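**Student:** Make a model of this:
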Amino acid sequence: MSKAVGGTGPLRLFRLTLIVILAGAMLSYPLLFWRVRNELREGANDFVIFYTGAQVLKAGQSKLLYDYETQTAFQAKFSRPVQFRQGPLLFNHAPFELLLFLPLAYLSLPAAYYCWLVLNLGLLAAIGRLLQPLVSRALLPLYTLLLFGFFPGFIALVQGQDSILALFLITVVIVFLKSGREGLAGIVLSLGLFKPQLVLPLLVVLLFKKRWTVASGFFLGCAGLAAISVYIVGWTGLVQWLELVSTMNQRLYSIDPLAMPNIRGGIESLMVGKPAVLVVLLMVAANVCALIGLCYAWRGEYQVDTPTFYLKLSLCLIITVLTSYHLFLHDAVLLVLPAIFTCNYFFTGLALNPWTRSLFLSGLTILCFPGVYNWLLGRQRVAWLVWIILLMAGAVAVELFRHRQRSLSAYHCKATD
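**Tutor:** As a prediction, the model looks like this:
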């Protein structure tokens, strides 16, 4: 896609501000990484969960993969105790994901982590390459900075998390949807089930649009992944996995809703000290309303060759972040895609409402500034980011509403001619 970039004063200012902030952030990341390099070598990040699970598989004890004592014993061999954890950090993802990490189990922990780090950087580069035909070439430098300079992405790299892998898979899904290869899109979407909260909202939307080929591919992929998982850990292992996941809050995990930039975190931050039942009811109601609103925004004909298709995808991905029950800062890297798609929409002069454009770009500018995260992390209030993300979702939703109004007006005018 090669479109002329809009040149109004506010747009140029927003673009320049984003470039300066993201470039400055990228320059600071190597220094920040260097400061924590020793802790990372000793397993003081999330990568240790994947390495632990891979070590259990490598030792031929896959049937005990989700046994608490087994994982604890394996982790103690290569990772020193970390004070802020107050206990081991156990592998609690679906078994099939470990096939990706199994080759890394033959390396030392530091070597395995650095290999995973390089692979994730390669995935970010691959995402940029996949997106090139979908966006304006004139804006590629900005989008490259978004991919490599967005702070949640840096956190995902430092932690050794699998969030960038999820981002890559969703990008591939979008490319397949765009090219009409819906069966492959469904299969790739199923591969993201190691983080189900990041892929299921998109599946809901596609089912709502009756994209049955996508659904067929998805459930075919699910069947394959289920078979692989049963082969790895057996039926008893799957039961142990569900038990482990259901008792995460009792296993000394650092699961603090106030560290989650989603609806759950936002409601928890407002309802501190309130009855838990009331908090849960509000959270469920808010998430249901968000998903219903998302489906409402996707009404109308399913067309992949219109600018609104990318706006709808952007809204879907933003709502995905908001409604995810379990979502930490590194998972917010998913916002890179709606940031790129919506910036491409606004910067190429397609906005129908300058206020929605200003609201979205203002919110994005705040999210791109690393100092905001540093301030919120220091106060243990990352959940406050949800209000900015909600603002961005609202801006996209209003823009979609204006487009629908214009389409309906054009239809009625044509009908009366």
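
**Student:** What pLDDT does the model give the residue positioned nearest the centre of the chain?
**Tutor:** Centroid-nearest residue in the chain: Leu334, 3.0 Å away (criterion: C-alpha atoms, centre = their mean). Predicted confidence (pLDDT) for Leu334: 97.

**Student:** Would you agree it is in contact with Ser163?
**Tutor:** Yes. Leu334 lies in contact with Ser163 (C-beta atoms under 8 Å); the separation is 7.3 Å. All C-beta spots, glycine's among them, are computed from the backbone N, C-alpha and C.

**Student:** Can you say which helix or strand has Leu244 in it?
**Tutor:** Secondary structure from DSSP states H and E places Leu244 in helix 212-246.

**Student:** average pLDDT across that helix?
**Tutor:** Rounded mean pLDDT across helix 212-246 is 93.

**Student:** How far off centre is it?
**Tutor:** 21 Å (C-alpha atoms, centre = their mean, to the nearest Å).

**Student:** Other residues contacting the helix or strand just after that helix?
**Tutor:** Using DSSP H and E, the next helix or strand after helix 212-246 towards the C-terminus is helix 263-270. Contacting residues not belonging to helix 263-270 are listed as 257-259, 279, 282-283, 286-287, 290, 322-325, 327, 381-384, 386-387, 390 [C-beta atoms under 8 Å, 6 or more residues apart in numbering].

**Student:** buried ones in whichever helix or strand comes after helix 263-270?
**Tutor:** Using DSSP H and E, the helix or strand that follows helix 263-270 towards the C-terminus is helix 276-297. Within helix 276-297, the residues that qualify as buried by neighbour count (16 or more other C-beta atoms under 10 Å) are Val279, Leu282, Met283, Ala286, Asn287, Ala290, Leu291, Leu294, Cys295, Ala297.

**Student:** Next: stretch 206-217.
**Tutor:** Leu206, Lys209, Arg211, Thr213, Val214, Ala215, Gly217.

**Student:** Can you name the two of those residues that sit furthest apart?
**Tutor:** Lys209 and Gly217 (14.7 Å; C-beta to C-beta).

**Student:** Need the CA coordinates for the strand or helix carrying Arg129. CSV is fine.
**Tutor:** In the assignment (DSSP H and E), Arg129 maps to helix 109-131. Only the C-alpha atoms of helix 109-131 are listed here, as CSV (Å, rounded to 0.1, in the frame of the first residue of the first chain):
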residue,chain,number,x,y,z
LEU,A,109,20.3,-21.0,30.7
PRO,A,110,22.2,-17.8,29.6
ALA,A,111,22.8,-19.1,26.1
ALA,A,112,19.3,-20.3,25.8
TYR,A,113,17.9,-16.9,26.8
TYR,A,114,20.1,-15.0,24.4
CYS,A,115,19.1,-17.4,21.6
TRP,A,116,15.4,-16.7,22.4
LEU,A,117,16.2,-13.0,22.6
VAL,A,118,17.7,-13.0,19.1
LEU,A,119,14.8,-15.1,17.8
ASN,A,120,12.3,-12.5,19.1
LEU,A,121,14.2,-9.7,17.5
GLY,A,122,14.0,-11.6,14.3
LEU,A,123,10.2,-12.0,14.8
LEU,A,124,9.9,-8.3,15.1
ALA,A,125,11.8,-7.8,11.9
ALA,A,126,9.6,-10.4,10.2
ILE,A,127,6.5,-8.6,11.4
GLY,A,128,7.8,-5.4,9.9
ARG,A,129,8.3,-7.2,6.6
LEU,A,130,4.9,-8.7,6.6
LEU,A,131,3.2,-5.4,7.2
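
**Student:** What is that helix packed up against?
**Tutor:** Helix 109-131 sits against helix 37-41, helix 47-58, helix 140-149, helix 151-159, helix 163-179, with contacts defined as 3 or more C-beta pairs under 8 Å, 6 or more residues apart in numbering; DSSP states H and E.

**Student:** ok, 7 Å please
**Tutor:** Using 3 or more C-beta pairs under 7 Å, 6 or more residues apart in numbering; DSSP states H and E as the contact test, the elements touching helix 109-131 are helix 47-58, helix 140-149, helix 163-179.

**Student:** Test my guess that the residue nearest to the centre of the chain contacts Leu198.
**Tutor:** Yes. Between Leu334 and Leu198 a contact is recorded at 6.1 Å, counting by C-beta atoms under 7 Å.

**Student:** which neighbours do those two share?
**Tutor:** Each of Thr320 lies in contact with both Leu334 and Leu198 under the rule C-beta atoms under 7 Å, 6 or more residues apart in numbering.

**Student:** I appreciate the help and will end here.
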